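# sequence and predicted structure below; questions after.
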Amino acid sequence: MLTYAAFIDELRALVATGKALFGSVSLSESEPFKRWRLETVHLIELIQNQSYQVKCGIQIRRFNIKGFYEPVSDKAKRERFETDLTDTIAELEVLIASFDKFGDPNHKLESVLSSETLTPLMPPEKVTLAWLWQHASWNLWLTVIALAGAILSAGIALGRSALYDEVVVKLQPSKPAASSERK
């Protein structure tokens with residue numbers, strides 16, 4: 001398994017090799033460049049398969065320019081090659097500098113999160129709103145608010161329905177005829 005530190009060590013060597021490619025006669029068609037590019041792409045894919053995100057555009061850069069209707073000058077080809085090579089090397093150097101400054105980007109601080117430093121949350125004698133506010137996740141609060149809103153909306157919709165009016169009328173006691181019973 002490739003560690004991120006080993007990945008960075010390999011990148012350091014590849015950056016040095018990439019810098020040596022400046023001034024190459026065959027540009028992107030040279031065997032040393034093709035090998036360097038394949039090794040770099042392969043190394044990046046290996047580390048990305050371990051859930052690391054690597055920001056480098058080497059896979060999409062062409063390192064070459066071709067004309068469709070007119071031939072492209074050697075100067076334009078060289079400029080394109082060196083621009084793409086410069087950009088790629090700069091991106092690789094940023095990865096190396098970031099590692100040197102911050103370390104492994106996926107490293108979890110195990111010492112901070114060790115089981116010795118964490119104390120389990122004990123339930124209180126009484127569960128109050130204050131205790132819930134401090135200890136419940138925001139997902140729980142969003143669920144409670146959404147549920148209350150749904151119940152309120154359902155109540156309003158039911159109160160406006162014809163079915164509700166019928167039930168209320170049937171549940172009310174019938175009024176006796178006032179004129180016949182009083183006599």
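Cool, the structure landed. Numbering: from 1, shown residues only.
# in the protein, which spans are strands?
Defined through DSSP state E, the strands belonging to the chain form an empty list.
# quick check: domain ranges of it?
For the chain, automatic domain parsing gives the domain ranges 4-102, 129-173.
# pick the most buried one from the ones you listed.
domain 4-102 (a mean of 14; mean count of other CB atoms under 10 Å). For every residue, glycine as well, the C-beta is placed using N, CA and C.
# compute the first-to-last residue distance for that one.
For domain 4-102, the first-to-last residue distance is 12 Å (CA to CA, to the nearest Å).
# pLDDT on that domain, on average?
The pLDDT scores in domain 4-102 average 93.
# could the domains of the chain go into a markdown table alongside distance to Pro120?
Written out in a markdown table, the entries for the domains of the chain read as follows (distance: least, CB to CB, whole Å):
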| stretch | distance to Pro120 |
| --- | --- |
| domain 4-102 | 29 |
| domain 129-173 | 12 |
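# relative to Pro123, which of these is closest?
Each of the domains of the chain was checked against Pro123 via CB to CB, and the shortest separation belongs to domain 129-173, namely 9.0 Å.
# mean confidence for that closest one?
Confidence over domain 129-173, taken as the mean pLDDT, stands at 85.
# got the end-to-end distance for that domain?
Taking CA to CA, domain 129-173 runs 42 Å from one end to the other.
# measure the most centrally placed residue in the chain to Leu95 for me?
The chain has Gln53 as the residue nearest its centroid, 10.0 Å off, counting by CA atoms, centre = their mean. The gap separating Gln53 from Leu95 is 10 Å, by CB to CB, to the nearest Å.
# thank you kindly, that will do.
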